[in-house]
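**Q** Need coordinates for the following:
(chains A, B and C)
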Amino acid sequence: MVTHYTLSVGPFKRGFHLITNDVFKVVSQWPDHGVFQLFIQHTSAGICINEHADPAVRVDFELFFDRLAPEHLPGIQHNDEGPDDMPAHIKSVLSGSTVSIPIIDGRPALGTWQGIFLCEFRTNATRRKLIISIIE
Amino acid sequence: MVTHYTLSVGPFKRGFHLITNDVFKVVSQWPDHGVFQLFIQHTSAGICINEHADPAVRVDFELFFDRLAPEHLPGIQHNDEGPDDMPAHIKSVLSGSTVSIPIIDGRPALGTWQGIFLCEFRTNATRRKLIISIIE
Amino acid sequence: MVTHYTLSVGPFKRGFHLITNDVFKVVSQWPDHGVFQLFIQHTSAGICINEHADPAVRVDFELFFDRLAPEHLPGIQHNDEGPDDMPAHIKSVLSGSTVSIPIIDGRPALGTWQGIFLCEFRTNATRRKLIISIIE
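**A** Residues are numbered from 1 along each chain as shown, chains lettered A, B, ... in the order given. Take a look at the predicted model:
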């Protein structure tokens, strides 16, 4: 059986943002055993799991991704929405569009240091739509 | 309940290719609520979700990935099948081997701009085998 | 229905390690049709699928990832646990924290050359906890 929940988050400024609690609180009923999946309906923002405790981690991620896929790369054609457009698409593939977490004993079985990041890659972003699938 | 469908696509030339419709049309019955998963049985091609509307996006992705993991990197040992061999393996990890999409109201709930890409990283590729899992 | 198994592997030295058999042997009962998901409860190690036959592939991956996200990058702040700390977080997002494989005819439907890698990004690592979800 699969149950869905939809939510929207943000708008966030460009960068990596911790959304673990925002996402989990939408789920009104957790099965004892199952799988939690999160999906982002966008191509210029991503979602991923990483270290939630130190905010510097999220700042460092932004810095690294900006260097890995900088604006104004020679040869890049797609810039309909500005110089951050194509880099945002590239970064969203590298970070991913799905997060999947086992549900054990009625709770998502994240590791001690794991949280869910919303990776906003647009400079002027709007709200982002997410879909939760609870598989049981 | 999980239902599987298998398909093969291509052969494609090296680059990013939109396969959304090719994949979806294989599913003969969509549940009202569920999860669609796509899996690629290869290690030198990937699958991912990104912007389907502007073909330039796919050209830009090819350019970016070729620069990120170029051929003839110093120190690379695995080149049994040519200089594009190991870069293809690297790119396939970065793009991913699974795509997962919620199924809501009997349809895959892709965002407005989202499509599924087959990322072909070999210069002389053969057909690629994909497996669809419908979880309901 | 979802069934879970937990296991721990390692400690591994820094690098990419083949864990396919270690993981599969934990599953005591495979359904005829289903989905196998593997999840890593850590943020400085990753899991992914790639070429299992040639050990040089795993050495090349280590070399590539070390160059892509090297230690001592200017501007990086998070180094509580040493210079390999933040690069490990970055690499774990790029490699991924989940692997998903269809189960067909009672077996995981990996392609001929596919194996599961544990990507250890810490220089002095401890054991790593993994969770398997069998969806049927």
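
**Q** Number of residues surrounding the spatially closest residue to residue A:43 that is not a sequence neighbour?
**A** Nearest residue to residue A:43 in three dimensions, chain neighbours excluded: residue B:51, at 4.4 Å (C-beta to C-beta, 6 or more residues apart in numbering or on different chains). (Glycine included, C-beta is placed from N, CA and C.) When neighbours are defined as other C-beta atoms under 10 Å in any protein chain shown, residue B:51 has 29 of them.

**Q** wait, isn't residue B:51 in contact with residue A:90?
**A** No - using C-beta atoms under 8 Å, residue B:51 is not in contact with residue A:90; the gap is 10.5 Å.

**Q** element containing the residue nearest to residue A:19 when sequence neighbours are not counted?
**A** Nearest residue to residue A:19, sequence neighbours excluded (C-beta to C-beta, 6+ apart): residue A:118, at 4.7 Å. If you go by DSSP states H and E, residue A:118 is part of strand A:114-120.

**Q** Next SSE downstream of that strand?
**A** strand A:128-135.

**Q** Packing partners of the strand holding residue A:118?
**A** Strand A:114-120 is packed against strand A:15-18, helix A:20-24, strand A:45-51, helix A:55-68, helix A:85-95, with contacts defined by 3 or more C-beta pairs under 8 Å, 6 or more residues apart in numbering or on different chains; DSSP states H and E.

**Q** could I get those as JSON lines with mean pLDDT?
**A** Conversion of the helices and strands packed on strand A:114-120 to JSON lines gives the following (pLDDT from 0 to 100):
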{"stretch": "strand A:15-18", "mean pLDDT": "98"}
{"stretch": "helix A:20-24", "mean pLDDT": "98"}
{"stretch": "strand A:45-51", "mean pLDDT": "98"}
{"stretch": "helix A:55-68", "mean pLDDT": "98"}
{"stretch": "helix A:85-95", "mean pLDDT": "98"}
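
**Q** Can you lay out those as a markdown table showing distance to residue A:101?
**A** Shown next, in a markdown table, are the helices and strands packed on strand A:114-120 (distance: least, C-beta to C-beta, whole Å):
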| stretch | distance to residue A:101 |
| --- | --- |
| strand A:15-18 | 15 |
| helix A:20-24 | 10 |
| strand A:45-51 | 8 |
| helix A:55-68 | 19 |
| helix A:85-95 | 16 |
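
**Q** how much space between the residue nearest in space to the middle of chain A and residue A:9?
**A** Nearest to the mean C-alpha position of chain A, counting by C-alpha atoms, centre = their mean, stands residue A:47 at 1.8 Å. Using C-beta to C-beta, to the nearest Å, residue A:47 is found at 10 Å from residue A:9.

**Q** and if you look at residue A:68?
**A** For residue A:68, the distance to residue A:9 (C-beta to C-beta) stands at 24 Å.

**Q** residues touching the residue in chain A positioned nearest to chain C, list them.
**A** Nearest residue of chain A to chain C: residue A:111, at 3.1 Å (C-beta to the nearest C-beta). Contact analysis of residue A:111 by C-beta atoms under 8 Å, 6 or more residues apart in numbering or on different chains lists C:40, C:41, C:42, C:43, C:129.
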